Every structure is written in structure tokens, then in C-alpha cells.
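1. structure of the sequence below:
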Amino acid sequence: MGYSGIFKSDMRIIINRITENKIEGQDGAIEAFKEYLQSVSQLGPYNKKEWKNEWTTTVYEFGLLFQDRDSKKFLDAINALISQTNDSSIQEVLKFIESEILFNQFTKDQQLEHFNGLVKEFPNNFEFRHSYANILHAEEKVLSAIEYLEPIVKNSENPTFSQSLMSVYLDYVNYLFAENRFDEAEGFINSIIAKDLFTDAFHFKNRLNDAKRRIQDHKIINERIETSSKEIDRRTEEKFDQERKKTIEILALFSVVITFILTSVSVIKVFTFKEAISFMIAFGLTLLLFLIGASCIASPLKQSRSEDVRIWFGGFTLVCLLTIMASIWAV
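-> Residues are numbered from 1 along each chain as shown. As a prediction, the model looks like this:
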């Protein structure tokens, strides 16, 4: 028979009667639905030219009515016709309408089982594959949903299929984005663009390019954050290192002072005043060399040795120490 415009208009009448709560009676939605099934069942097996989008989207809308309504009498009318025929093409049309009702009433597990069965029974029906892919998408089985949607978008000009595939694509990109897998997300978008699946290429490529620019922006932001973080860590480490060196130098200074005081007391008690003075100066210069050495260890040279004042001061101190020691030994 092929497609007829009354398939859409008559379904619209049924939808209006249901929304107006005109269900029973000769002019009710159920009687109109039974008559409708007799005519639409002659549409034939799925064909992308005959199963027009204007009709299938009206069937989607019809199915949505049963999210919060009793569907038993409508399902009974469908099943009564299915049981009367072995013609798979008639059953295919009827099961499509039935599936849109059940889609809005089944649990997720029931949906998966039912539509998986329909896909196996009618493998060439893009509508069943589309519904099954949407269920997989809702279950976050994104890559599996893509496997079902890409072939039907490639072989159909139905904008509903394209919108669904784009939605799955963008959700997967957002998932990679949330995981900070920016290079992988960018590569995925490039592969989508290369496939050139969409008939409305300009619109869809713009959406993909927007996502790509968003990823590139965040890559730049992340790189700057990482650079700033490393700089903060470096400065913190430098400050900590400086404090550590300062602590070592202070401890060394206090050690030198205390050691000098204690040693001076002992020397004064043992030697004569002149000898004590010589020993104390020599010992003080020795401790000073120790302090210079501790400073050099705590704060390594950043310039050449010849430019570091500690080297010159240490050398001068050593010469003085050797001179005093020589004078002591000469006596």
C-alpha cells in the first residue's frame, strides 16, 4: 500500500481524543484506534522512504501519552490483530506502534530485553535499532549505542536519528572531558567529522567544532594551571630550603658561641693570661672557620668561588690562625 498522509492525520485525531479524555464510545479514541490499525498495518515493512519521519514522530508522541495512562485496551487492540496474521510486514508495523507504548511503561531492564528481541526479529528496521540505541544510551552504554546508531544515520536522512547520534557523541565527549582526557576527546571529534555522516553537515559540524574549541580552551587552561602549580611548588620548595639553611646556620652560630664560651672558661683556669689570650684567639678563629664551612654547606655557592666573600674571608681567617699557631709554637 505504501505511505499515506492520513496515517499522520488520523493518529493526530486519536492523540487529541486521548488528551481530551474521550476514550470509550463510538467516537472515542479506542474505536478510532482499532480502525486506524486496520489501515496503517498495510504500510508494509520498514522502508526509509515509506516510513516517513512525520508519521514516526507522531507515533512517538502517541506513545508518550501512556507514561501516566492505562494502555491495556490499546495494547489489546494491537495484539488482537497480531494474533490474526502471520504476515511479518503487518506485524512489524503493529509492533512498532506497540513498542512506543511499552517504551514509556517498561522498566530499563524490560526495555533492553524487549527491544533487543525486536532488533533481532526485524534487523533492518531502523526504528527498532534507534529505540534500542536510546535505551543503551540511557544505561550509559555509550559506545554500544554509537555502534547501533551510526549505520542507520549513514543510510537514512531521518533527522531524529541524526539528533540522537549527535546527543550520544556529545555525551561521550563530555565524559572524556570530565575525565580530563582532552587529547582523546579531540581525536574522537576529529574521527566523527571525518566520517561525514550527517546530511545537515553545517549544523552538526558547528556543534562538533564548538565542542572541539571548548576542549582546546580547557587544555590551555589546564596547562596554565599546571604551570602555575609547578611554579608555586618551586617557590614553596625554595622558601622551605632557605628556611632550612637559615636554621642550620643559626644552630651552627649558637654552637660556636657556646663552645667558645665554655672553652674560654677552661683555658683561663689552666694557662697564663697571655697564653690564654693566644689560645682563645686561635680557638675562636678555628670556630669561625667551622662556621664559614657550615654556611657553605647549608648555602652552596651560586656564583664562582672567586666571587664568594665567604671564600676570601675563610682564607684570611685561616692565614691568621696559622700565624697565631706558629707564634704559639715558637714560644
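2. any stretches of the stretch 151-300 of the chain with poor pLDDT?
-> Filtered on pLDDT under 70, the stretch 151-300 of the chain yields the residue ranges 199-204, 245-246, 248-280, 282-285, 287-300.
3. now the helices for it?
-> Using DSSP state H, counting those that start in this stretch, the helices of the stretch 151-300 of the chain run over residues 159-178, 182-195, 201-270, 273-298.
4. just the mean pLDDT for stretch 87-94, thanks.
-> Taken as a whole, stretch 87-94 has a mean pLDDT of 95.
5. domain ranges for the chain, per the record?
-> Using automatic domain parsing, the domain parsing of the chain gives 1-105, 240-330.
6. how distant is the longest one from the center of its chain?
-> Here the centre of mass of C-alpha atoms in domain 1-105, compared against the chain's by C-alpha atoms, centre = their mean, to the nearest Å, lies 41 Å away.
7. and what of stretch 231-241?
-> Centroid displacement of stretch 231-241 relative to its chain, using C-alpha atoms, centre = their mean, is 31 Å.
8. for that stretch, buried residues please.
-> Buried residues in stretch 231-241, counting neighbours by 16 or more other C-beta atoms under 10 Å, are absent. For the C-beta atoms, the positions are set from N, CA and C on the backbone; glycine is no exception.
9. same check, this time on stretch 81-88
-> In terms of neighbour count (16+ other C-beta under 10 Å), stretch 81-88 has its buried residues at 81-82.
10. renumber starting at 758 from here on
-> Yep, numbering from 758; the last one is stretch 838-845 now.
11. that stretch: end-to-end distance?
-> End-to-end distance for stretch 838-845, by C-alpha to C-alpha, to the nearest Å: 12 Å.
12. what's in contact with it?
-> Contact with stretch 838-845 is made by 794-795, 798, 802, 847-848, 851-852, 855, 879, as judged by C-beta atoms under 8 Å, 6 or more residues apart in numbering.
13. quick one: the residues you listed as JSON lines, columns for distance to Arg971 too.
-> Output for the contacts of stretch 838-845, formatted as JSON lines (distance: C-beta to C-beta, whole Å):
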{"residue": "Leu794", "distance to Arg971": "47"}
{"residue": "Gln795", "distance to Arg971": "52"}
{"residue": "Ser798", "distance to Arg971": "47"}
{"residue": "Pro802", "distance to Arg971": "43"}
{"residue": "Ile847", "distance to Arg971": "48"}
{"residue": "Gln848", "distance to Arg971": "46"}
{"residue": "Leu851", "distance to Arg971": "45"}
{"residue": "Lys852", "distance to Arg971": "41"}
{"residue": "Glu855", "distance to Arg971": "41"}
{"residue": "Phe879", "distance to Arg971": "39"}
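14. quick one: average pLDDT of stretch 784-801?
-> If you average the pLDDT over stretch 784-801, you get 94.
15. typed the wrong thing, it's stretch 858-874
-> For stretch 858-874, the per-residue pLDDT averages 93.
16. and it, which residues are buried?
-> 858-863, 868-869, 871-872.
17. before we move on, the earlier item: which of the contacts of stretch 838-845 has the largest number of neighbours?
-> Most neighbours among the contacts of stretch 838-845, by other C-beta atoms under 10 Å: Lys852, with 23 neighbours.
18. who are the contact partners of that one?
-> Residues in contact with Lys852 (C-beta under 8 Å, 6+ apart) are 835, 839, 875, 878-879.
19. same check, this time on Phe863
-> For Phe863, the contacting residues are His871, by C-beta under 8 Å, 6+ apart.
20. over to the one 5 residues further on?
-> By C-beta under 8 Å, 6+ apart, the residues touching Gln868 are 859-860, 892.
21. CSV please, covering the contacts of Lys852 and showing secondary structure and distance to Ile982.
-> Compiled in CSV, these are given as follows (DSSP: H, G, I helix; E, B strand; the rest coil; distance: C-beta to C-beta, whole Å):
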residue, secondary structure, distance to Ile982
Ile835, helix, 58
Ile839, helix, 60
Leu875, helix, 49
Glu878, helix, 53
Phe879, coil, 51
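22. settle this for me: Gly782 is touching Glu788, isn't it.
-> Yes. Contact criterion C-beta atoms under 8 Å: Gly782 and Glu788 qualify, at 7.2 Å.
23. who's more crowded, those two?
-> Each of Gly782 and Glu788 has its neighbours counted (other C-beta under 10 Å); Glu788 has more, 16 against 10.
24. roughly how far apart are Leu900 and Phe945?
-> Distance of Leu900 to Phe945, given as C-beta to C-beta, to the nearest Å: 10 Å.
25. roughly how far apart are the closest residue to Leu922 other than its chain neighbours and Glu855?
-> Excluding its sequence neighbours, the residue lying closest to Leu922 (C-beta to C-beta, 6 or more residues apart in numbering) is Leu906, at 4.3 Å. Counting by C-beta to C-beta, the gap from Leu906 to Glu855 is 22 Å.
26. how about Thr1004?
-> Thr1004 is 81 Å from Glu855, by C-beta to C-beta.
27. which SSE is the residue nearest to Leu922 in?
-> Leu906 is part of helix 899-911, with elements assigned from DSSP states H and E.
28. Phe918: neighbour count?
-> Neighbour count for Phe918, taken as other C-beta under 10 Å: 25.
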